[in-house]
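*Asks:* okay, sequence plus prediction incoming.
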Amino acid sequence: MTERRSILSSLLLSILPVAVVAALGAFLVDTESAWYLALQKPAINPPQWAFPVAWSIVYLCVIVALYLFFRSNAEVLPVFAGMLILCALLNVAWSAVFFRLHAMIPAAAVLLALLCALIYVFFSLYPRHRISAWLFLPHILWGAFALALNIAFILVNR
């Protein structure tokens, strides 16, 4: 049997990657750009204050999910770790593709890939650590809403 991870190493493994993704995503989002301000906003577009609130909830849930998983001493399979990294990369990529490249259709494809990866993470976690799996649900729901919103942006800005 492997030795249980320390509280500190579990915290670091949980917080640092999520903080890096959050910081990179926030850096790439530009809701004050002339391009974004000129876009027609779809009816389902939430008020601007809702985004940091939603992302804070999503990231907090992911941190707690990872922390509980790491503290449970469950084996971290390479495919699972790879999917978590893919989710992180896709989160950051969406911000770059949508806000920096102004490419709404490719951004929707990124969100679809992210949603598939998050669902994979959920079902990978579920048999080994159900609480951690359920803590990924806010990210899945927010990802599904983000995809719907992204598609709505495409439709109203044809």
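*Replies:* That came in fine, so what should we check first?
*Asks:* chain neighbours aside, what residue packs nearest to the residue positioned nearest the centre of the chain?
*Replies:* Nearest residue to the geometric centre of the chain (Cα atoms, centre = their mean): residue 91, 5.0 Å. Excluding the flanking residues, the one nearest residue 91 by Cβ to Cβ, 6 or more residues apart in numbering is residue 21, at 5.3 Å. For every residue, glycine as well, the C-beta is placed using N, CA and C.
*Asks:* how many residues are close by the one you found?
*Replies:* 19 (other Cβ atoms under 10 Å).
*Asks:* for residue 132, same thing?
*Replies:* Neighbours of residue 132 (other Cβ under 10 Å): 24.
*Asks:* that one reaches residue 69, doesn't it?
*Replies:* Yes. Contact criterion Cβ atoms under 8 Å: residue 132 and residue 69 qualify, at 4.2 Å.
*Asks:* got any residues that touch both of the two?
*Replies:* Counting by Cβ atoms under 8 Å, 6 or more residues apart in numbering, the contacts common to residue 132 and residue 69 are residue 125.
*Asks:* quick one: pLDDT of residue 69?
*Replies:* We have a pLDDT of 89 for residue 69.
*Asks:* would you confirm that it contacts residue 125?
*Replies:* Yes. Applying Cβ under 8 Å, one finds residue 69 in contact with residue 125, separated by 6.8 Å.
*Asks:* so what sits against both of these two?
*Replies:* In contact with both residue 69 and residue 125: residue 132, using Cβ under 8 Å, 6+ apart.
*Asks:* tell me which helix or strand residue 140 sits in.
*Replies:* Residue 140 belongs to helix 137-156 when elements are defined using DSSP states H and E.
*Asks:* so what touches that helix?
*Replies:* 39-45, 54-55, 57-58, 61-62, 87, 94, 98, 104-105, 107-108, 111-112, 114-115, 118-119, 122.
*Asks:* in that helix, what counts as buried?
*Replies:* 138, 139, 140, 142, 143, 146, 147, 149, 150, 151, 152, 153 (16 or more other Cβ atoms under 10 Å).
*Asks:* centre of the chain to that helix, how far?
*Replies:* Taking Cα atoms, centre = their mean, to the nearest Å, the mean C-alpha location of helix 137-156 is offset from the chain mean by 12 Å.
*Asks:* again with stretch 88-99
*Replies:* Worked out by Cα atoms, centre = their mean, stretch 88-99 lies 10 Å from the chain centre.
*Asks:* again with stretch 129-141
*Replies:* 12 Å.
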